[in-house]
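**Q** Okay, sequence plus prediction incoming.
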Amino acid sequence: VQLVESGGGSVQAGGSLRLSCAVSGFPFYDYPVGWFRQAPGKGREGVACIRSDGSTYYGDSVKGRFTISSDKGENTIYLQMNNLKPEDTAVYYCAAFFDPIALQPIPDDNYWGRGTQVTVSS
């Protein structure tokens, strides 16, 4: 299983970014997959999850601003982030086998990507 994130960067508050996660090695569309983030000195925070039936789940801090989607043909998961805030600054990771209720990845980093940095300035 391999997950590779891209699309991070630096933006001003109010800006947008779209993260991508290229997946290989397993049929991600058959399982819940998602995004979580980690800021310096803080724990993992679940951001969004999408299930095989297309249902989506979001953390309270990003609802209405972030959208998760997936493209089976491209083997890619996306996270569209709009109206970014300085508190969104973190390393963002995609993960396979996400728990949609707890909004957390399984505790095995073999099923996580290596992350992409998002920095939002005020």
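**A** Structure's in. What do you need?
**Q** CA only for contacts and neighbour counts going forward, please
**A** Noted.
**Q** Which residue lies nearest the spatial centre of this structure?
**A** Centrality entry for the chain: nearest residue to the mean C-alpha point is Trp35, 2.4 Å, by C-alpha atoms, centre = their mean.
**Q** Could you verify my assumption that that residue touches Val47?
**A** Yes - here Trp35 reaches Val47: they are 5.4 Å apart, a contact under C-alpha atoms under 8 Å.
**Q** about what we covered before: any idea which element the residue nearest to the centre of the chain lies in?
**A** strand 33-38 (DSSP states H and E).
**Q** tell me the mean pLDDT over the next helix-or-strand element following that strand?
**A** Toward the C-terminus, strand 33-38 is succeeded by strand 44-50 as the next helix or strand (DSSP H and E). Mean pLDDT, computed over strand 44-50, is 97.
**Q** what does strand 44-50 rub up against?
**A** 32-38, 56-59, 62, 67-70, 98-100, 103-105 (C-alpha atoms under 8 Å, 6 or more residues apart in numbering).
**Q** who does it pair up with?
**A** Paired neighbours of strand 44-50 in the sheet (DSSP bridges): strand 33-38 (antiparallel), strand 56-58 (antiparallel).
**Q** what are the phi and psi angles of Tyr31?
**A** The phi and psi torsions at Tyr31 (degrees, to the nearest 10) take the values phi -130, psi 160.
**Q** Go ahead and confirm it touches Ser52.
**A** Yes - in this structure, Tyr31 is within contact of Ser52 by C-alpha under 8 Å, at 5.6 Å.
**Q** out of those two, which sits in the busier spot?
**A** Tyr31 (16 against 13; other C-alpha atoms under 10 Å).
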